[in-house]
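S.K.: Fold the stuff below for me.
(one chain, ligands or ions: 2)
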Amino acid sequence: MTGDQVTVTLIAAGWSLAVGVVGALVGWRIRRASIRWSAGLIALVAVGGVVAGVVGTARAMFLSPHDLGVVALVCAVSGVVSAGFALLLARTLTRSARRLRLMAATVGAGDHVRPPRNDSAEIRAVAEELTRSSERLRTSQARERQLEQSRRELVAWVSHDLRTPLAGLRAMAEALDDGMATDPQRYHRQMLKETDRMAAMVDDLFELSRIHAGALNLTLQPMALRDVVSETIAGATPVARSHGVEVGGRVLPDVEVTADAAALSRVVGNLVMNAIRHTPADGVVLVEGRTTGDAVELTVTDGCGGINPDDLASVFEVGWRGTPARTPGPDTGAGLGLAIVRGLVEAHQGTVAVTNHGNGCRFVVRLPA
Ligand SMILES: Nc1ncnc2c1ncn2[C@@H]1O[C@H](COP(=O)(O)OP(=O)(O)OP(=O)(O)O)[C@@H](O)[C@H]1O
Ligand SMILES: [Mg+2]
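M.R.: Ligands and ions are numbered 1, 2, ... in the order given. As a prediction, the model looks like this:
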């Protein structure tokens with residue numbers, strides 16, 4: 001490069017740099033304005049930089065005033081035309097931005113969004129992200145609605161189920177108060193039984209609400225499944241005897257499971273009590289446990305005569321108890337037991353399922369070992 005060329009390069013770079021700096025300052029000032037103005041500014045700075053470079057170096061190029069005028073005119077015309085085109089082209093950008101805004105509004109309204117196909121890569125990426133968010137929002141809203149619905153049903157059922165024993169208790173208390181009760185001893189026993197039943201129900205409700213709120217405080221520790229099962233069977237034996245049902249356990253002593261002791265015994269207890277309640281006299285309930293690969297499997301098999309195949313999927317639902325009529329007899333529950341079982345098992349990252357088996361049904365709980 002000759003000395004002249006170095007001079008011209010430096011002068012041109014200096015002038016273009018000056019225009020660039022001014023452009024950057026203006027860009028910063030209008031950063032909140034429409035994207036169109038930024039696009040126009042980019043075109044102006046590009047053309048303006050060239051014009052400034054040419055005009056600034058005119059003296060070093062030894063241009064005559066006439067030639068300089070022509071160059072300036074050409075630059076000015078091209079500058080105006082390119083800036084105009086830039087503004088025009090920027091309209092696609094503003095349109096894309098408007099489409100994005102509409103999409104975001106659709107997501108907010110919980111409606112289905114369709115990603116645009118003809119926008120630029122970045123806009124499409126944002127649009128796809130919006131589409132995914134909208135799908136997530138829709139599924140979580142559906143889940144929320146379902147939960148809300150089951151919560152409402154639960155409250156309705158529980159109030160119904162509590163009203164009957166409360167009315168009974170009130171009637172018995174009044175009879176005792178009036179001295180009208182012919183057999184006060186029997187009334188007292190009955191009142192104790194009813195309060196126990198209601199206390200158990202309130203306890204179940206509390207457990208369920210803790211499961212739903214994700215507020216379970218599980219203390220996982222390794223334990224022998226056999227101990228949990230034999231304790232539960234011992235506790236259930238009086239009820240089994242009064243039903244004429246035999247309860248047996250078959251768990252090897254080396255089957256170890258990592259679980260919360262109270263939660264696991266509640267799971268086994270609920271399953272065993274259900275099995276006893278639904279097995280006719282002289283029937284058998286069998287609790288088995290084994291290790292299978294990386295899981296521990298606990299099964300409770302009874303002689304209930306089988307569950308209607310259409311109902312197999314419903315038994316774990318809150319409040320489901322087989323019949324639509326909610327008239328509590330002495331032996332009917334609130335339909336909370338299996339929902340609690342499922343909640344506790346899932347809190348242990350396990351699964352629970354039911355199938356019909358032989359002349360009864362079989363509940364299978366799988367817990368990670
Ligand atoms: N072992 C079983 N054999 C046959 N049917 C069963 C068995 N266990 C549960 N079911 C059916 O599933 C329903 C729901 O059981 P779940 O334990 O959730 O409620 P529940 O026993 O009726 O009341 P709760 O357990 O709250 O006292 C029962 O009402 C019954 O119809
Ligand atoms: Mg039950």
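S.K.: So which bits of the protein are right by ligand 1?
M.R.: For the chain, the contact set with ligand 1 under C-beta under 6 Å from any ligand atom comprises 204, 270, 274-275, 278, 302, 304, 307, 315, 320-322, 333-339, 361. Yep, even glycine has a C-beta here, placed from its N, CA and C like the rest.
S.K.: Which residue ranges of the stretch 251-369 of the chain form strands?
M.R.: 256-260, 284-292, 295-301, 351-357, 360-368 (DSSP state E, counting those that start in this stretch).
S.K.: For the fourth one, name the packing helices and strands.
M.R.: Using 3 or more C-beta pairs under 8 Å, 6 or more residues apart in numbering; DSSP states H and E as the contact definition, the elements that strand 351-357 packs against are helix 337-347, strand 360-368.
S.K.: Reformat those as a markdown table; add mean pLDDT.
M.R.: A markdown table is the format used below for those (pLDDT from 0 to 100):
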| stretch | mean pLDDT |
| --- | --- |
| helix 337-347 | 93 |
| strand 360-368 | 96 |
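S.K.: Name the residue closest to the centre of the protein, please.
M.R.: Nearest to the mean C-alpha position of the chain, counting by C-alpha atoms, centre = their mean, stands residue 140 at 6.0 Å.
S.K.: Can you tell me the element it falls in?
M.R.: Residue 140 is part of helix 121-178, with elements assigned from DSSP states H and E.
S.K.: Tell me the buried residues within the residues of the chain next to ligand 1.
M.R.: Among the residues of the chain next to ligand 1, the ones that count as buried by 16 or more other C-beta atoms under 10 Å are 204, 270, 274-275, 278, 302, 304, 307, 315, 320-321, 333-339, 361.
S.K.: contacts with ligand 2 among those, please.
M.R.: Among those, the residues that sit close to ligand 2 (C-beta under 5 Å from the ion) are 274, 333, 337.
S.K.: In a markdown table: those residues, plus distance to residue 121.
M.R.: A markdown table is the format used below for these (distance: C-beta to C-beta, whole Å):
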| residue | distance to residue 121 |
| --- | --- |
| 274 | 58 |
| 333 | 59 |
| 337 | 55 |
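S.K.: of all those, which comes closest to residue 196?
M.R.: Using C-beta to C-beta, the shortest approach to residue 196 within these belongs to residue 333, at 13.2 Å.
S.K.: Identify the residues contacting that closest one.
M.R.: 277, 321 (C-beta atoms under 8 Å, 6 or more residues apart in numbering).
S.K.: One more: residue 75?
M.R.: Counting by C-beta under 8 Å, 6+ apart, residue 75 makes contact with 47, 50-51, 54-55.
S.K.: Report pLDDT for the residue in the stretch 1-150 of the chain that ligand 1 sits nearest to.
M.R.: Closest to ligand 1 within the stretch 1-150 of the chain is residue 150: 13.1 Å, counting by C-beta to the nearest ligand atom. Listed pLDDT for residue 150 reads 78.
S.K.: Not counting its neighbours along the chain, what's nearest it?
M.R.: Residue nearest to residue 150 in three dimensions, not counting chain neighbours: residue 318, with 5.4 Å by C-beta to C-beta, 6 or more residues apart in numbering.
S.K.: Residue 341 is in contact with the one you found, correct?
M.R.: No: under the criterion of C-beta atoms under 8 Å, residue 318 is not in contact with residue 341, lying 11.5 Å apart.
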